[in-house]
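**Q** Pasted the sequence and its predicted model underneath.
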Amino acid sequence: MMKRERTQRPGRIRVMSRREVLKLGATVVAGAAAGPFVATPARAQAFNWQRFRGTELFLILTKHPWVDEMVTHIPEFESLSGMKVKYEMLPEIQGRQKLTVELTAGTGGVDAFHTALHVEKRRFWKSGWYQPLNRFLEDKTLTAPDFDWNDFAPAAKGAVTEPDNTISAIPTMVDFFAMFYRKDLFQQKGWRAPRTLAEMEDYAQKLHNPPGMYGIVARGLKNANATALACILYAIGANYLTPDGKSALNTPEWVKSVDYYAGLLRRFAPPGVVNFNWYECSSAFMQGNVGMYFDGINFANQFEDKEKSKIAGKVGYAVLPAGPAGQIAPTYTNGMAVTAHSRNKEAAYMFIQWSTNKQNALRELLAGVGVGRASTWTLPEVKAKPRMPADWYTTYSESLKIGRPGLPEIVDVTQYRDIIGVVIQKAIEGGNVADLMVQANKEFQELLDKTEK
């Protein structure tokens, strides 16, 4: 395994030494179905993890909380399987650029990779870079009996399933947008978490008392704001595409959604919010100057860090408020995929299967990383060693049930984000939303005509 330096995060579970891993042996992993960290020798003997012993795998991984935790356990997989694993870990943008070069060349030098489905799903599928996993999942000689594909939440499975029903990856982390609010202030006023868009707006207005307190914050910066807008779009009932794949941005629901979102930030957010990405939003919230904030739930770890946050212990977590179309949680899913040109497809599948099994899902959650397996959230180990407040876990598990892809599943997601991102910024600055959406609809349709043929 390729080595790298690793900084221990406060509160992480202890990583076993290689000697402990070797002592633990293959039976632990193979027996995960009977319960985390429980050995069942009969199951280990029935499934041959050593089938590809001696194979060397090469992975391209992107810097990510799930990846950071997973790679610490690779020695365990090497002991279990007899394979060797080498990998290169890069920041997301650089990693995607290198991966694109490698996959375009089609040399087969990369066996598996960590993929951001909300960005890469349709593009990589259309390019033929994902190895379909359906056959592997159905093959009992390749998929361990305790793996349990149906344990993944519907939102997670949907995110990795293509229009032709091929499965492109195994879900690793599912990130939902959720509601964060100042629990202490809400308790003082006798409020519950906002359950509707109307309540959220009402609370924002009542909390707003600048410069000491702003009612709410969310992303205003172009491109980044597109993901946050989905929280409002789905609640109001807007869609990205019509049933026949055309742009749906020219509907009343879109105008209402952008108007609501931009108006909320224009009236009740801190100055300069038009240039806020998640970092600026989180910083303002942690400084104690904002009453409510909605963003990816996996950002919440920092809120509870007493060294970084002035509001540690004072934050409430809730599922996003409902609108006329109900309560829906936009999701952004990552996964482990096998490259279509790999010379070791089945061996690579064995690795990604291991990396996403129940035992590793438990490790991830204990390390504070949300996972797409439904059963993991109810395990006694999680309840005994919570890294986050109880309502964080409840919000995550409830959001798993109502998740929906937060961005349109098209080839050029980035260009869509730029198109709508400009609209949101101009709307925050006071532009006419109806007029802005006419132009956005035209540009989005031109993009679809160019890339979705």
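**A** Arrived safely, thanks for sending.

**Q** Going by C-alpha atoms from here, please, whenever you check contacts or count neighbours.
**A** Fine.

**Q** How many residues are close by residue 380?
**A** Neighbourhood size, residue 380 [other C-alpha atoms under 10 Å]: 10.

**Q** Am I right that residue 215 is in contact with residue 290?
**A** Yes. Contact criterion C-alpha atoms under 8 Å: residue 215 and residue 290 qualify, at 5.8 Å.

**Q** what touches both of the two?
**A** residue 269 (C-alpha atoms under 8 Å, 6 or more residues apart in numbering).

**Q** Surely residue 53 is within a strand?
**A** No. According to DSSP: H, G, I helix; E, B strand; the rest coil, residue 53 belongs to no strand; its state is coil.

**Q** Bridged to residue 115, which residues?
**A** Beta-bridge pairing for residue 115 (DSSP bridges): residue 335.

**Q** Quick check: it vs residue 226, distance?
**A** Applying C-alpha to C-alpha, to the nearest Å, the value for residue 115 to residue 226 is 20 Å.

**Q** ok, those two, which is more surrounded?
**A** residue 115 (30 against 24).

**Q** Would you enumerate the residues in contact with that one?
**A** 169, 334, 335, 336, 337.

**Q** For stretch 204-218, give me every contacting residue.
**A** Residues outside stretch 204-218 that contact it (C-alpha under 8 Å, 6+ apart): 203, 225, 228, 264-265, 268-270, 273, 276, 278, 281, 285, 288-295.

**Q** Same check on stretch 49-66?
**A** Here stretch 49-66 has contacts from 67, 80-92, 95-96, 99, 109-114, 172-173, 344, 347-348, 350, 364, 369, using C-alpha under 8 Å, 6+ apart.

**Q** Filter these down to just the buried residues.
**A** Neighbour-count burial (16 or more other C-alpha atoms under 10 Å) is assigned, among the contacts of stretch 49-66, to 67, 80-85, 87, 89-90, 92, 95-96, 99, 109-114, 172-173, 344, 347-348, 350, 364, 369.

**Q** which residue ends up closest to the midpoint of the protein in space?
**A** Of all residues in the chain, the one closest to the mean position by C-alpha atoms, centre = their mean is residue 175, 3.0 Å from it.

**Q** Any idea what that one is bridged to?
**A** residue 332.

**Q** Please tell me how far it sits from residue 292.
**A** Distance of residue 175 to residue 292, computed by C-alpha to C-alpha: 19 Å.

**Q** Name the SS class of residue 171, please.
**A** The three-state assignment at residue 171 reads strand, by three-state DSSP.

**Q** Number of residues surrounding the residue nearest to residue 128 when sequence neighbours are not counted?
**A** Distance criterion C-alpha to C-alpha, 6 or more residues apart in numbering; nearest residue to residue 128, sequence neighbours excluded, is residue 340 at 6.9 Å. When neighbours are counted by other C-alpha under 10 Å, residue 340 registers 21.

**Q** Residue 340 and residue 130 touch, don't they?
**A** Yes. Shown here, residue 340 and residue 130 form a contact pair, counting by C-alpha under 8 Å, at 5.2 Å.

**Q** how close does residue 188 sit to residue 314?
**A** From residue 188 over to residue 314 (counting by C-alpha to C-alpha), the distance is 12 Å.

**Q** Kindly report the same for residue 151.
**A** From residue 151 to residue 314 the distance is 33 Å (C-alpha to C-alpha).

**Q** returning to that earlier point: any idea how far the residue nearest to the centre of the chain is from residue 406?
**A** Taken as C-alpha to C-alpha, the span from residue 175 to residue 406 is 10 Å.

**Q** repeat for residue 423
**A** For residue 423, the distance to residue 406 - C-alpha to C-alpha - is 18 Å.

**Q** Next: residue 198.
**A** In terms of C-alpha to C-alpha, residue 198 sits 22 Å off from residue 406.

**Q** In terms of packing, which of these two has more residues around it?
**A** Comparing residue 198 with residue 406 by other C-alpha under 10 Å, the one with more neighbours is residue 406, at 26 against 13.

**Q** Take the buried ones among the contacts of stretch 49-66 and keep only those in helices.
**A** 67, 80, 81, 92, 95, 96, 99, 347, 348, 350, 364 (DSSP state H).

**Q** Leaving out chain neighbours, which residue sits closest to residue 336?
**A** Nearest residue to residue 336, sequence neighbours excluded (C-alpha to C-alpha, 6+ apart): residue 114, at 4.7 Å.

**Q** and which of the contacts of residue 115 is nearest residue 416?
**A** Distances from residue 416 to the contacts of residue 115, taken as C-alpha to C-alpha, are shortest for residue 334 (19.6 Å).
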